[in-house]
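> Give me a model of this one.
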Amino acid sequence: MKSQKSENEIGQGEMFNRRLESFLNLSYELIQLSRQIDWRYFEQQFGMNFNDRGRPALPTRWVVALTYLKQAYNLSDEALVLQFLENPYWQYFCGFEYFQHRFPCDSSSLTRWRKRLGEEGCNKLLSETLRVAHGLGQVKVKQMTQVVDTTAQEKNITHPTDAKLLNRARVKLVMAAKERNIELRQSYHRVGKSLLLKQAKYVHAKQFRRAHKATRKLRTLLGRVMRDIRRKCSTPDPTLMRRLDLCRRLYWQRKDSKHKLYSLHEPTVACIAKGKAHKPYEFGCKTSIVKTASNNWVLGVKSFLGNPYDGSTLKVAIAGAQATTGIHLCR
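The predicted structure is shown next:
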């Protein structure tokens, strides 16, 4: 449903509470910034993502302001909730007129909002940021004519190994079978855990033949669970089907395979060689960040699936930055 109105738009006062602006420093940077941002622009742009049915969505200003604070201070959703309750300047920036003793929404709501915004919504947030910065004189049009393109972004995954991925895939399949009341012949819980520990010890002791044998056994256990589920569930639901496809892809994956799977919850992760001495390979996605050459203002961000050549991403990144800023850029 359409988003609710924030507290300062309703205009209804409280008799026994003091307004935040009555005891805050109105020259503080967050207060000055909140008066420069065009909040109605976001309500008009993001309002098309909602219809007139169901429960009213959260006010757009809340979510946009919390997204700005999360990125500015590099916080998780849980840490954002704690600092919001302690910081009256953050509450004023989010549009509240009175001090809040409880977080206005659940932290998981922010995650759903970010998924709904997508790449286009994030570009609108960046575009408004640059407009405010230009209005305050922090960045000039002349500075936007020279940009630099850099690439690198890691995913939040552990270092992938074949044994770890095979055992994790088997565990996820067993959990999915239990949720759907599929009685498996055997879960291999203790056997799989024991093999995973042995494989790690063999690698540490440089007994690679024994380590490879343990890895092959883990692959065999995964295949048994997959075939057992296929026999007892002829028409799996879409979620289980996607999980089975990932496990099948991992089962047939070998050392010389292309487009390898490095994570079950992030199947789009690619192995990127950056040439760093301390970290030769990074597991994530290619990201082009376009910024000014003088004062490091970010003008555009674009992510790419797989591991494309850096030169191939340059034109797309500059085109996205031109669409965000409305200015012709040169590299």
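> C-alpha from now on. contacts and neighbour counts both.
Will do.
> Can you check the pLDDT for the nearest residue to Asp228 once chain neighbours are set aside?
Taking C-alpha to C-alpha, 6 or more residues apart in numbering as the measure, Asp228 lies nearest to Leu184, with 6.5 Å between them; neighbours along the chain are not counted. According to the model's per-residue confidence, Leu184 sits at a pLDDT of 93.
> Could you count how many residues lie near Leu184?
Leu184 has 16 neighbours, counted by other C-alpha atoms under 10 Å.
> Next one: it relative to Lys217, how far apart?
19 Å (C-alpha to C-alpha, to the nearest Å).
> doesn't Ile229 make contact with the residue nearest to Asp228?
Yes: if you go by C-alpha atoms under 8 Å, Leu184 and Ile229 touch, sitting 7.1 Å apart.
> Between those two, which contacts overlap?
Common neighbours of Leu184 and Ile229 (criterion: C-alpha atoms under 8 Å, 6 or more residues apart in numbering): Ala177.
> Do you have the helices of the protein handy? List them.
With DSSP state H as the definition, the chain shows helices at residue ranges 7-10, 29-36, 39-46, 60-73, 77-86, 88-93, 107-135, 162-179, 189-204, 208-232, 238-251, 310-325.
> Mind checking those helices for the one nearest to Phe283?
helix 162-179 (14.4 Å; C-alpha to C-alpha).
> Can you show me the CA trace of that closest one as CSV?
Output of helix 162-179 as CSV, limited to C-alpha atoms (Å, rounded to 0.1, in the frame of the first residue of the first chain):
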residue,chain,number,x,y,z
ASP,A,162,35.4,-28.1,-2.3
ALA,A,163,35.0,-30.0,0.9
LYS,A,164,33.3,-27.1,2.7
LEU,A,165,30.9,-26.4,-0.1
LEU,A,166,30.0,-30.1,-0.6
ASN,A,167,29.2,-30.6,3.1
ARG,A,168,27.2,-27.4,3.3
ALA,A,169,25.2,-28.3,0.3
ARG,A,170,24.3,-31.7,1.9
VAL,A,171,23.3,-30.0,5.1
LYS,A,172,21.0,-27.5,3.3
LEU,A,173,19.4,-30.3,1.3
VAL,A,174,18.7,-32.3,4.5
MET,A,175,17.2,-29.2,6.2
ALA,A,176,15.0,-28.6,3.1
ALA,A,177,13.8,-32.2,3.2
LYS,A,178,12.8,-31.9,6.9
GLU,A,179,10.9,-28.7,6.2
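> And that helix, what's buried?
Of the residues in helix 162-179, those with enough neighbours to count as buried (16 or more other C-alpha atoms under 10 Å) are 162-171, 173-174, 176-177.
> Closest one of those to Lys279?
Asp162 (19.4 Å).
> quick check: domain ranges of the chain?
For the chain, automatic domain parsing gives the domain ranges 7-138, 140-153+285-331, 162-265.
> Among these, which comes closest to Lys276?
Once the domains of the chain are compared by C-alpha to C-alpha, domain 140-153+285-331 is nearest, at 11.8 Å.
> one step back: okay, the domains of the chain in TSV with distance to Cys271 next?
Converted to TSV, these look like this (distance: least, C-alpha to C-alpha, whole Å):
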stretch	distance to Cys271
domain 7-138	23
domain 140-153+285-331	7
domain 162-265	8
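> Which one, of these, ends up nearest to Ala273?
Nearest to Ala273 among the domains of the chain is domain 140-153+285-331; the distance by C-alpha to C-alpha comes to 9.2 Å.
> count of neighbours near Leu218?
Leu218 has 27 neighbours, counted by other C-alpha under 10 Å.
> I'd guessed it sits against Ala169; true?
No: with contact defined as C-alpha under 8 Å, Leu218 and Ala169 do not form a contacting pair (10.1 Å).
> Now do the contacts for His134.
Counting by C-alpha under 8 Å, 6+ apart, His134 makes contact with 140-141.
> now it: how far from Ala65?
Distance, His134 to Ala65, by C-alpha to C-alpha: 19 Å.
> just His204 next, same as before
Counting by C-alpha to C-alpha, the gap between His204 and Ala65 amounts to 48 Å.
> So for these two, which sits in the more crowded spot?
Shown here are His204 and Ala65; by other C-alpha under 10 Å, Ala65 has more neighbours (19 against 11).
> How about the contacts made by that one?
Residues near Ala65 by C-alpha under 8 Å, 6+ apart: 93-94.
> at 6 Å instead, please
The neighbourhood of Ala65, defined by C-alpha atoms under 6 Å, 6 or more residues apart in numbering, consists of Cys94.
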